[in-house]
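Novice: Task: produce atomic coordinates for the following.
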Amino acid sequence: MDPHLLRTFSAVARLGSFSAAARELGYTQSAVSQHIAALETDLGVELLGRRPVAPTEAGARLLDHAGPLLTRLAAARADVVRVARTPVVRLVVGVCGAAFGRRAARALAEVRSALPRAEVTIRQVGRTALVAGVAEGVLDVGLVDGAVAPTDPLHLPEAAGLRVTAAGEEPLAVLLPPGHPLAGRTGLRLADLADALWLDAPGTAVPLPDLRAAVGGGFPAPLRYDGADLHTLRELVRAGHGLALLPRSTAGRGAIPLTAPRLVHRTELVHRKGLDPAAALFAERLAA
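Specialist: Residues are numbered from 1 along each chain as shown. The predicted structure follows:
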């Protein structure tokens, strides 16, 4: 069934006039008559009475289907045109440690809202691999994190030649197992925990070298966790394998705020010059 013929039939039935339908559709009256005749021949039934111009019983039944069919066809046309005019863009974000927090998640949501055909990949990698991936173009942007004094930048000598911009700071908290002697405190000093057992979990917690640099050593870590799952980290802490320092927003209930030294969890964005549209928008939204 030709949709052009169906559209002409709907106009004639609605207006009750071949000439009025011709004016509305921009056809000649003879062309409208030919359309109706062709549709009736195709279906093998009379669709319109001529005097007056009105749908027959078969024509009325066809009208019930015509509106939804024409609407679906118009929607299909618009969707095809939209897809053709909206190119697919790709964004690969490298993440180190606990760098992908709420701020990055919101920025990514804004990117996907503005670029509905964006295909996004988030990869958890180590700091050295992240910087190398950005430099080589394997990653569009990278998020690195660490514990530093407020407003101090991270120490990233390996990122020479790349652009590094601040992407957020937030307080830190110590994750303790249930029943720990310090669990009832309102705040903890890092120096008081230097001799405790810690988890070496660079993919989820603040890197231990940052803690050792702040206090001057300590922080033994007989167990290393190379994964990036917070649930696993919490279960390891809960079982008494060691403590962990996390951004307060991800540490969860039961974590104790760090009060000294004055450190924050800092996240920075590493990227090249001349970003692709999705990466540029992500960097812009992250900095907003």
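Novice: drop to CA atoms for contacts and neighbour counts, all remaining ones
Specialist: Will do.
Novice: Which neighbouring elements make contact with the longest helix along the chain?
Specialist: Secondary structure of the chain read by DSSP state H shows that its longest helix is helix 57-85. Helices and strands touching helix 57-85, by 3 or more CA pairs under 8 Å, 6 or more residues apart in numbering; DSSP states H and E, are helix 3-15.
Novice: still on that earlier bit, contacting residues around the helix or strand just after the longest helix of the chain?
Specialist: Going down the chain from helix 57-85, the next helix or strand is strand 89-95, by DSSP states H and E. For strand 89-95, contacts defined as CA atoms under 8 Å, 6 or more residues apart in numbering pick out 115, 117-126, 130, 133, 138-144, 277-279.
Novice: pLDDT weak spots in the stretch 51-200 of the chain?
Specialist: Scanning the stretch 51-200 of the chain with the threshold set as pLDDT under 70 gives 82-86.
Novice: ok, which stretches of the chain are strands?
Specialist: Ranges of strands within the chain are 48-50, 53-55, 89-95, 118-124, 141-148, 163-170, 172-175, 188-189, 199-200, 223-224, 244-247, 256-260, 264-271, based on DSSP state E.
Novice: could I get the ones you listed as JSON lines with distance to Thr41?
Specialist: As requested, these are arranged in JSON lines below (distance: least, CA to CA, whole Å):
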{"stretch": "strand 48-50", "distance to Thr41": "12"}
{"stretch": "strand 53-55", "distance to Thr41": "16"}
{"stretch": "strand 89-95", "distance to Thr41": "48"}
{"stretch": "strand 118-124", "distance to Thr41": "47"}
{"stretch": "strand 141-148", "distance to Thr41": "62"}
{"stretch": "strand 163-170", "distance to Thr41": "68"}
{"stretch": "strand 172-175", "distance to Thr41": "78"}
{"stretch": "strand 188-189", "distance to Thr41": "87"}
{"stretch": "strand 199-200", "distance to Thr41": "79"}
{"stretch": "strand 223-224", "distance to Thr41": "78"}
{"stretch": "strand 244-247", "distance to Thr41": "73"}
{"stretch": "strand 256-260", "distance to Thr41": "81"}
{"stretch": "strand 264-271", "distance to Thr41": "65"}
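Novice: circling back to that earlier point, please list only the buried members of the contacts of strand 89-95.
Specialist: Among these, those classed as buried by 16 or more other CA atoms under 10 Å are 115, 118, 124-126, 130, 133, 139-144, 278-279.
Novice: Pick the one among those residues closest to Ser17.
Specialist: Distance to Ser17, by CA to CA, is smallest for Leu115 among these, at 46.0 Å.
Novice: Give the full set of residues in contact with that closest one.
Specialist: Listed by CA under 8 Å, 6+ apart, the contact set of Leu115 reads 89, 278.
Novice: phi, psi of it?
Specialist: Leu115 adopts backbone torsions of phi -120, psi 80, taken as degrees, to the nearest 10.
Novice: switch to numbering from 129
Specialist: Happy to do that; since the first residue is 129 now, the last one works out to Leu243.
Novice: Distance of it relative to Gly195?
Specialist: Using CA to CA, to the nearest Å, Leu243 is found at 32 Å from Gly195.
Novice: How many residues are close by Gly265?
Specialist: Gly265 has 13 neighbours, counted by other CA atoms under 10 Å.
Novice: Oops, could you answer that again for Gly195 instead?
Specialist: Per other CA under 10 Å, the neighbour tally for Gly195 reads 14.
Novice: Same check on the one 10 residues further on?
Specialist: Neighbour count of Arg205, defined by other CA under 10 Å: 11.
Novice: Then Arg151?
Specialist: Using other CA under 10 Å, Arg151 is surrounded by 12 other residues.
Novice: now do the one 10 residues further on
Specialist: If you count neighbours by other CA under 10 Å, Ser161 ends up with 16.
Novice: likewise Arg352?
Specialist: Applying other CA under 10 Å, we find 13 residues neighbouring Arg352.
Novice: what do you get for Pro180?
Specialist: The local packing of Pro180 (other CA under 10 Å) involves 9 other residues.
Novice: In contact with it, which residues are there?
Specialist: By CA under 8 Å, 6+ apart, the contact list for Pro180 reads Gly144.
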